[in-house]
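In: sequence unavailable; structure follows:
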């Protein structure tokens, strides 16, 4: 048994551990270690200024009373949280937000997957696929303000939707889609589904195009039906994309404010009140910034639960 | 190679530091500037310039700068909603621009935060004669806002629909209005007599389209500055609105209808009558030049003979408490309230001047403006929400109760009692 001799060059450079480094060398080492932070400092400062400071301020506001509107606010403990959590409007907002984000996410997934599979189908020619791809992605290109205005006009009691339904004999008189508490939530959810499914479609289409054809060929050799191929090849291959998209969609949709605000303002009779609109009203209508901060922190915590699952899923990948 | 790499690193580090400094510099910066030659720069945040003909407000400000060579004005112009949010944030952080455009609905909250200055004192210091002002918005006896231009909300009436419905006279009383609304609704199609926007995102329908009926009959929703909603007068208004709803004369979709929807429905002839801002006359005529309509006072209770209140909204002006140049800021206020400049601004805005002696020029305006000015002059500007704390919230809570009444989920008495309770917790 032989031992390879140590590299003489490396040996020369090596400093005995018992000897402290020379001051100049130490400074050089510290400087070298700090250089990356120097490059990162603009980003670090911006993140601190734009994210950490506001979040910390909102959290601190949530434990005080009369913040912002009075110079000498006082510590209020959990009073703001108690007030928010016992407010029937907040509980209604949680329920509405839960329905809104869950239905939106499921519909985004089903529609996105359906259209993506259609666009990935070998049964359609390239020109047809391109045409449909453009048509299907259109809703995603509109800004939220335009989407809100379009759907408000279409769903007006004297609008196109009622005209068509009336012409088809499905309704006798104009339905007040947005003005009726029984339909308003479903209508704004529908508008959100319409505006958001293309992102799912594009992501899932990319996922579908990444599935190796050999898997389908092997399944065909085994005599698998199209349904079994879908269940045992397509879905397992798309699983990481589907889970990521679903969790992200829940997070994004829970933050939807502009669409709700411009379509219904949370009404009628709070039937479309969401956590976002509830918090906004507290802050900018009632000027209850402390209570609004408590509500915002609760929303942050709920969102962090979703973010936790997203991060865990990403780590597993 | 190593030296080049080091130089590159140093250059990158310096560039990063410069960039950071620039970013930090952009984040900072104050509104109060006084140059070495004594010139003061005032910041003036408002939503007026975007609503005026392009460049016209800059011209007025240039006239001010010519008359006051040591004062420069930097206009911070944005739409109404953006201006409001910026001012709410600025008031909270005590970084309001020197001069601020104000809506009467914001004044109480800003004044109580100490964000806007006591203008009574500024007027006294400047030796200003306040008797020429048409109105002042006060909180606890001190003036915090001066209305520069007022926009009234008369009744718009589609004359073609009125004629088609067989109504020969523009309604002047509640009974006549209900009768006309029923007859217009009976003409068929999607046409209705009246539009009532009750969207809760911007609940000013309560002020313009509901409480206006109260003020038109000399009523009040306050007594000694406190809420007084359980009075026969307020109750009669809510019952009247409910009766119109029950009669099916209100355009559908009112619970989420916005002001712009109301204007659109009137413009397209889907609604016969609306209470609307005079500022929309040109918009209506531009979008439907063939529409034959007129303006009239809001109908009053049968038998009422007193002066009719007519709702109004204002472009108000105030001075930031944090401004280091309050005297210069008040000079700008004085200039805009001067009879000549005020008349010019009112004419451009299609509004009525905040200076009693200013005479707007109706020569090139639609004749309806002159007609509305006569209504305004004969009646009383009325808007009890001006100067109240959290006025938008007050409107919203009343709005929600009214929606319960209109959907049959609550009685008028319960709605008024609940509103009284809500308002009392805000107006102490």
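Out: Thanks, I have the structure now. Note that the structure is predicted; figures quoted are calculated from it, not measured. Residues are numbered from 1 along each chain as shown, chains lettered A, B, ... in the order given.
In: residues contacting the residue nearest to residue A:235 when sequence neighbours are not counted?
Out: Once flanking residues are discounted, residue A:235 sits nearest to residue A:242: 7.7 Å by CB to CB, 6 or more residues apart in numbering or on different chains. Bear in mind the C-beta positions are built from the backbone N, C-alpha and C, glycine included. Shown in contact with residue A:242 (CB atoms under 8 Å, 6 or more residues apart in numbering or on different chains): A:109, A:113, A:204, A:235.
In: same check on residue B:196?
Out: Taking CB under 8 Å, 6+ apart, we find residue B:196 in contact with B:205, B:209-210, B:241, B:244-245, B:250-251, B:254, B:257, B:262.
In: what pLDDT does the model give it?
Out: pLDDT, residue B:196: 97.
In: next one: residue B:131
Out: Model confidence at residue B:131, expressed as pLDDT, equals 92.
In: enumerate the residues of chain A near chain B.
Out: Residues of chain A lying close to chain B by CB under 8 Å from any CB of the partner chain are A:35, A:38-39, A:41-42, A:45-46, A:49, A:68-71, A:152, A:156-158, A:174, A:176, A:178-181, A:184, A:261-270, A:281, A:284-287, A:289.
In: now those residues: which count as buried?
Out: Buried members of the residues of chain A next to chain B, scored by 16 or more other CB atoms under 10 Å in any protein chain shown, are A:41-42, A:68-69, A:152, A:156-158, A:174, A:176, A:178-181, A:184, A:261-270, A:281, A:284-287, A:289.
In: what's the neighbour count on the nearest residue to residue B:216 once chain neighbours are set aside?
Out: If the residues on either side of it in the chain are set aside, residue B:216 comes closest to residue B:298, at 3.9 Å by CB to CB, 6+ apart. Neighbours of residue B:298 under the rule other CB atoms under 10 Å in any protein chain shown: 27.
In: identify the residues contacting residue B:298.
Out: Residues in contact with residue B:298 (CB under 8 Å, 6+ apart) are B:153-155, B:212-213, B:215-216, B:275, B:308, B:310-311.
In: what's the closest of those to chain A?
Out: residue B:275 (19.2 Å; CB to the nearest CB).
In: verify the contact between the closest one and residue B:209 for me.
Out: Yes - contact status for residue B:275 versus residue B:209: in contact at 5.1 Å, counting by CB atoms under 8 Å.
In: nearest to chain B within the stretch 201-317 of chain A, name that residue for me.
Out: Nearest to chain B in the stretch 201-317 of chain A, going by CB to the nearest CB, is residue A:265, at a distance of 2.6 Å.
In: which residues does residue 275 contact?
Out: If you meant another chain, say so; for now it's chain A. Residues near residue A:275 by CB under 8 Å, 6+ apart: A:90, A:93-94, A:97, A:254, A:295, A:298-299, A:302.
In: right idea, wrong chain: chain B
Out: Applying CB under 8 Å, 6+ apart to residue B:275 gives the contacts B:153-156, B:208-209, B:212, B:298, B:311.
In: just those residues: which are in helices?
Out: Among the contacts of residue B:275, DSSP state H puts residue B:212 in helices.
In: can I get the contacts of residue B:275 in a markdown table with pLDDT?
Out: Formatted as a markdown table, the contacts of residue B:275 follow (pLDDT from 0 to 100):
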| residue | pLDDT |
| --- | --- |
| B:153 | 93 |
| B:154 | 94 |
| B:155 | 96 |
| B:156 | 97 |
| B:208 | 94 |
| B:209 | 96 |
| B:212 | 96 |
| B:298 | 96 |
| B:311 | 90 |
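In: nearest residue to the residue in the stretch 151-300 of chain B that chain A sits nearest to in space, ignoring adjacent ones along the chain?
Out: Here the stretch 151-300 of chain B gets closest to chain A at one residue, residue B:201, 2.6 Å apart by CB to the nearest CB. Once flanking residues are discounted, residue B:201 sits nearest to residue A:265: 2.6 Å by CB to CB, 6+ apart.
In: is it true that the one you found touches residue B:198?
Out: No - contact criterion CB under 8 Å: residue A:265 and residue B:198 do not qualify, at 9.8 Å.
In: what's the overlap in contacts for the two?
Out: By CB under 8 Å, 6+ apart, the residues touching both residue A:265 and residue B:198 are residue B:256.
In: now do residue B:345: how many residues are near it, please.
Out: 26.
In: show me what the strand or helix carrying it is packed up against.
Out: Taking DSSP states H and E as the definition, one finds residue B:345 inside helix B:339-349. With contacts defined as 3 or more CB pairs under 8 Å, 6 or more residues apart in numbering or on different chains; DSSP states H and E, helix B:339-349 has these neighbours: helix B:56-67, strand B:142-152, helix B:326-337, strand B:352-353.
In: could you say what helices and strands the third one packs with?
Out: The reference is to helix B:326-337. Helix B:326-337 packs on strand B:40-46, helix B:56-67, strand B:71-77, strand B:99-102, helix B:119-126, strand B:142-152, strand B:309-319, helix B:339-349, going by 3+ CB pairs under 8 Å, 6+ apart.
In: list the contacts for the residue lying closest to residue A:274 once chain neighbours are set aside?
Out: Closest residue to residue A:274 apart from its sequence neighbours, by CB to CB, 6+ apart: residue A:97 at 4.8 Å. Under the criterion of CB under 8 Å, 6+ apart, the contact list for residue A:97 reads A:254, A:274-276.
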